[in-house]
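Q: This is the structure alone, sequence omitted:
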């Protein structure tokens, strides 16, 4: 089993690192800033990919693959884009034993290489829309890295769409941020705030960036997904015009949107505890572990454990048995708590005699007795559903408890050390920069969700928390990962 | 629709390029040697991935992800390996705006970066076996590229396993080459010869390389998958020792195995024709297209077409309707033949009256009438199964017809221009090199499959086709992609 995990209270950052490494989710590699995603961590990514890919396809998207090398001249075509990304790129200068005539950037994001293809594919409105997604690795050189949350190389999906009208592009931007929200809330059991980024926080090359922001257990914010309205910026940079229905030439309208392996970090920080990983059942590749207590008639206990596993698996509940005799039941309990298996079934000879088993929930550690009868599958299913719901409810309550509406600057400064702060902002970049400088907090999101806006009266005019100038609305501030 | 495709007879290479581009499977990018895999091509890769990934997991493998950057010093640790791969690598010299202290190679294959992790994970026999697979992009600088078959960047899977004994490693090597064979034959409908590579054709760093070789329609060979027994070479290079059951230290035994997007090229070259792509149904993401003939009561025809599509989809036969009025039925017939949709259903008002439809097979162009009754699904299923089987049978017959057992050098030289040649070889590298120099043909495979060996009496001793020296066995020669 793993080394002891530092408690969250003692040192939250160390707790995170200890957990990721003890649960064998990821490891630093010998390559600066790059991680190894170990099988336990990659299994979570595969579950995430399957769910997201299904939702993308249901909304008409198809997958493709574009080169990971981008010629320097392409990156340079969109002015904001090169300013934002070039400094953090890895650069290939030699290939096949020779120095290259033009440097190649390892993609930090693929707008430029993709729009150089779209330009060839699009002549008329009949070629639109293009709704393409790509699953890929990307590289952004990072000075300070943290497993899953910030590494030089990471895995992600990036959608890149092309449309005939700005309205259609905007619809797509909203559709995709809502898909991310659904995924975060229904699969990750992680409540998120949906909204827009401020001008200074938006994507380099976008007209507008929408995002989902989640609260971690230390009160910090984590940007979990973004959806960009790129306007005609990339079409203009790559001279991609099309013939409209009316027979005139216009530049194509674009969007892009993405989530990454960073979501695994968010998942850990949203739900896990001092004993290890806590996984929402919908993202657990193994939902139930059966641990036979091997005393007395071992064969009978083993056989029954396997029979139960077979039954649960047949009903779509991925279950496995650990009946090895190298480790004690106590060791196994701790190990699978560390690994975040949502449900543990304990089964001993005395349980068999009494026709029952002990079922332990990973989220609450609550233990219940269940009869070994025809209802067992349904009962386990119900417990799994309860865990999924409880994790969401718990995280939502935590966010509520750690969100403060600040009305004074003193209150703002104190509160933003602990959680989200909702406060009036005068809308200027200067004030935003000042607040960041003084508190390290940024505007995480300008919520667009009506329910959230009403909950905190965000439309109410007032005076800016920092400048004292008139402010049209409130926004959400926090320190961020 | 697409431009005309050059016929195979006229120019086989041009036919291939025309087909790949017209069917929108892939496109050259603006980056030298790199391709864009377009949605039609990527959909084939997704089907391949799903089938292979399922087989890997059924045999106990799990997925993980390792960094794509490999420090120069790692590549250098295995002598044969660096000699084989370094000259074809892309090299990153700058990151985050600064020159790197140590150059990073973009992975051409991942043995070295993976074994630098395995060294940390393996202490005892209890940590073994490790059965990890990775889906990733790799880069090998290529001077002469061909879409799917040979490009600078390509996608693949690479399995990397670690074992306590050489016997277990060898079992794994054979298990995986057999999985590749099953995949090639049952999914791709492509017969392959299973066997070993000669010393000079094996993987740089392996003790032995097993492969599957397929015949393309021009009689050339294509290596479709490899499985390497790496012995203790990489464990020694990375000083990866473990405590055995007997309590002594030993180096770990290793295997690696992979297939790539090259398989898409193989699939095209094995089955397709002058009208376009021919896809085996098991790798077609869309198996049936319904084309309503829109005359008379259009709504009724449309409604019935949709109803049939819904029924087929519900029974697991992916079906779509093209009822657009922009293009004629004839245009659509040609377009979906080009795209390789295995079955086309034509449905007009007169068919409806008579309660029937016309079903056309992509492989043979044969048309049959089917009744629009409860049996339709089963009948379509049967046609799909027949297509799958027919493609395999046809390819196997083609290989039989284009395989020659040569007994004279003249016969060898003439035959190797057209297909596979089975001939005696004296087992020396010198003769192998001489034959390659004089004919451009190489030893593709030393078959291990008993049935194949018997078919061509490969164990029969004789005299070498080139040197005239005694030869213990026959081997398979061909020109290769």
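A: Okay, I see it. The structure displayed is predicted, hence computed values, not measured ones.
Q: Quick one: mean pLDDT over stretch A:201-212.
A: The average pLDDT within stretch A:201-212 is 95.
Q: List the contacts of it.
A: Outside of stretch A:201-212, the residues within contact range by C-beta atoms under 8 Å, 6 or more residues apart in numbering or on different chains are A:78, A:80-81, A:83-85, A:111, A:173-174, A:177, A:180-181, A:184, A:192-197, A:223-231, A:233-234, A:256, A:442-445, A:448. (Glycine included, C-beta is placed from N, CA and C.)
Q: For stretch A:306-326, buried residues please.
A: With burial defined by 16 or more other C-beta atoms under 10 Å in any protein chain shown, the residues of stretch A:306-326 counted as buried are A:306, A:308, A:309, A:312, A:317, A:319, A:320, A:321, A:322, A:323.
Q: wait, I meant stretch A:371-379
A: If you call a residue buried by 16+ other C-beta under 10 Å, then stretch A:371-379 has these buried ones: A:372, A:376, A:377.
Q: returning to that earlier point: tell me which of the buried residues of stretch A:306-326 is nearest to residue B:438?
A: Residue B:438 lies nearest to residue A:320 out of the buried residues of stretch A:306-326, by C-beta to C-beta, at 58.0 Å.
Q: element containing the nearest residue to residue A:5 once chain neighbours are set aside, please.
A: In space, residue A:5 comes closest to residue A:18 once its chain neighbours are excluded; the distance is 4.3 Å by C-beta to C-beta, 6 or more residues apart in numbering or on different chains. In the assignment (DSSP states H and E), residue A:18 maps to helix A:12-22.
Q: Residue A:287 is in contact with residue A:281, isn't it?
A: Yes - judged on C-beta atoms under 8 Å, residue A:287 makes contact with residue A:281 at a distance of 5.2 Å.
Q: Now for these two: what residues contact both?
A: Common neighbours of residue A:287 and residue A:281 are listed as A:342, A:343, A:384 (criterion: C-beta under 8 Å, 6+ apart).
Q: Spit out the contact partners of the last one.
A: Which is residue A:384. Here residue A:384 is in contact with A:281, A:287, A:317, A:342, A:343 (C-beta under 8 Å, 6+ apart).
Q: Buried members of these into PyMOL, please.
A: To isolate the buried subset of the contacts of residue A:384 in PyMOL, counting by 16+ other C-beta under 10 Å, use the following:
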select buried, chain A and resi 281+287+317+342+343
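Q: Name the member of the contacts of residue A:384 with the shortest distance to chain B.
A: residue A:287 (16.4 Å; C-beta to the nearest C-beta).
Q: Just name the shakiest helix or strand of chain A by mean pLDDT.
A: helix A:79-85 (a mean of 81; mean pLDDT, DSSP states H and E).
Q: quick check, distance from it to the centre of its chain.
A: 25 Å (C-alpha atoms, centre = their mean, to the nearest Å).
Q: Check stretch A:332-347 too.
A: Distance of stretch A:332-347 from the chain centroid (C-alpha atoms, centre = their mean) equals 25 Å.
Q: wait, does it make contact with chain B?
A: No - in terms of C-beta under 8 Å from any C-beta of the partner chain, no part of stretch A:332-347 sits within range of chain B; the closest distance is 13.3 Å.
Q: dump the residue contacts of the residue positioned nearest the centre of chain A.
A: By C-alpha atoms, centre = their mean, chain A has its centre lying nearest to residue A:263, at 2.4 Å. By C-beta under 8 Å, 6+ apart, the contact set of residue A:263 is A:48, A:184, A:188, A:224, A:225.
Q: could you redo these as a markdown table and give each row neighbour count and secondary structure?
A: Below are the contacts of residue A:263 laid out as a markdown table (neighbours: other C-beta atoms under 10 Å in any protein chain shown; DSSP: H, G, I helix; E, B strand; the rest coil):
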| residue | neighbour count | secondary structure |
| --- | --- | --- |
| A:48 | 22 | helix |
| A:184 | 25 | helix |
| A:188 | 28 | coil |
| A:224 | 24 | strand |
| A:225 | 28 | strand |
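Q: on that earlier part again, what's the helix holding residue A:18 packed up against?
A: Helix A:12-22 is packed against helix A:262-271, with contacts defined by 3 or more C-beta pairs under 8 Å, 6 or more residues apart in numbering or on different chains; DSSP states H and E.
Q: all helices of the stretch 51-200 of chain A, in order?
A: Using DSSP state H, counting those that start in this stretch, the helices of the stretch 51-200 of chain A run over A:72-75, A:79-85, A:111-121, A:166-182.
Q: Quick one: closest of those to chain B.
A: For chain B, the closest of the helices of the stretch 51-200 of chain A is helix A:111-121, at 5.2 Å, according to C-beta to the nearest C-beta.
Q: hmm, who's touching that closest one?
A: Contact with helix A:111-121 is made by A:66-67, A:69-70, A:74-75, A:77-78, A:81, A:107, A:127, A:130, A:132, A:134, A:160, A:162, A:205, A:230, A:234-235, A:237-240, A:252, A:254, A:256, B:27, B:29-31, B:36, as judged by C-beta under 8 Å, 6+ apart.
Q: Which single residue of the stretch 101-250 of chain A approaches chain B most closely?
A: Here the stretch 101-250 of chain A gets closest to chain B at one residue, residue A:141, 3.4 Å apart by C-beta to the nearest C-beta.
Q: What is the neighbour count of the nearest residue in space to that residue that is not next to it in sequence?
A: Using C-beta to C-beta, 6+ apart and skipping residues adjacent in sequence, the residue nearest residue A:141 is residue B:96, 3.4 Å away. Other residues lying near residue B:96 total 17 when counted by other C-beta atoms under 10 Å in any protein chain shown.
Q: repeat for residue A:385
A: A total of 12 residues lie near residue A:385 under the criterion other C-beta under 10 Å.
Q: Now do the SS call for it.
A: Secondary structure for residue A:385, judged by DSSP: H, G, I helix; E, B strand; the rest coil, is helix.
Q: Below-threshold pLDDT in the stretch 1-150 of chain A: ranges please.
A: A:1-3 (pLDDT under 70).
Q: Can you list the buried residues in the helix holding residue A:18?
A: A:12, A:15, A:16, A:17, A:18, A:19, A:20, A:21, A:22.
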